[in-house]
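>>> sequence? don't have it. structure:
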């Protein structure tokens, strides 16, 4: 009775494509997508922020990460002195600067 198995079922199946190679291509493709959508834009923003912070000088009007708006009156290597209002000066780290404002912005507020 064991001889009733058809030849099609008894024949060994053809070898499929190696699953390791397919998954390697998939992981590589995911890495390329992550690089162009996440890693590259983030590093570009970090580079622009670093250049902006190093270019700060006396007379620039800036906004800090805390939301303070002031004018740079003294620039050191790691710290800046901001004038927030007449006679009100604050020391902040260069890295705490979020944005440089156009000249004359503070007068318009």
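Thanks, I have the structure now. From a predicted model like this one, the values you see are computed outputs, not experimental measurements.
>>> next, the residue nearest the centre of the chain: phi, psi?
Compute the mean C-alpha point of the chain, and by Cα atoms, centre = their mean the closest residue is residue 42, 2.1 Å away. The phi and psi torsions at residue 42 (degrees, to the nearest 10) take the values phi -70, psi -40.
>>> cool, the one 4 residues further on as well?
Geometry field for residue 46 lists phi and psi as phi -60, psi -40, criterion degrees, to the nearest 10.
>>> could I get the contacting residues of it?
For residue 46, the contact set (Cβ atoms under 8 Å, 6 or more residues apart in numbering) is empty. (Glycine included, C-beta is placed from N, CA and C.)
>>> what stretches of the chain score poorly on pLDDT?
1-19 (pLDDT under 70).
>>> domain parsing for it?
Structural domains assigned to the chain are 16-55, 57-101, following automatic domain parsing.
>>> tell me which of the ones you listed lies nearest to residue 107.
Proximity to residue 107, assessed across the domains of the chain by Cβ to Cβ, is greatest for domain 57-101 (9.2 Å).
>>> what segments of the chain are strands?
Per DSSP state E, the chain has strands spanning 61-64, 69-75, 79-85, 88-93, 97-101. These are given in chain order.
>>> buried residues, the second one. List them.
The neighbour-count criterion (16 or more other Cβ atoms under 10 Å) identifies 69, 70, 71, 72 as the buried residues of strand 69-75.
>>> got the angle between that strand and strand 79-85?
Counting by axes from the mean of the first three to the mean of the last three Cα atoms, to 10 degrees, strand 69-75 lies at 140 degrees to strand 79-85.
>>> again, but for the last one
Counting by the same axes, to 10 degrees, strand 97-101 lies at 60 degrees to strand 79-85.
>>> hang on, the earlier thing: including distance to residue 109, could the domains of the chain go into CSV?
Shown next, in CSV, are these (distance: least, Cβ to Cβ, whole Å):
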stretch, distance to residue 109
domain 16-55, 21
domain 57-101, 7
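>>> which one of the ones you listed is the most hemmed in?
Across the domains of the chain, the average number of neighbours (mean count of other Cβ atoms under 10 Å) peaks for domain 57-101, which reaches a mean of 14.
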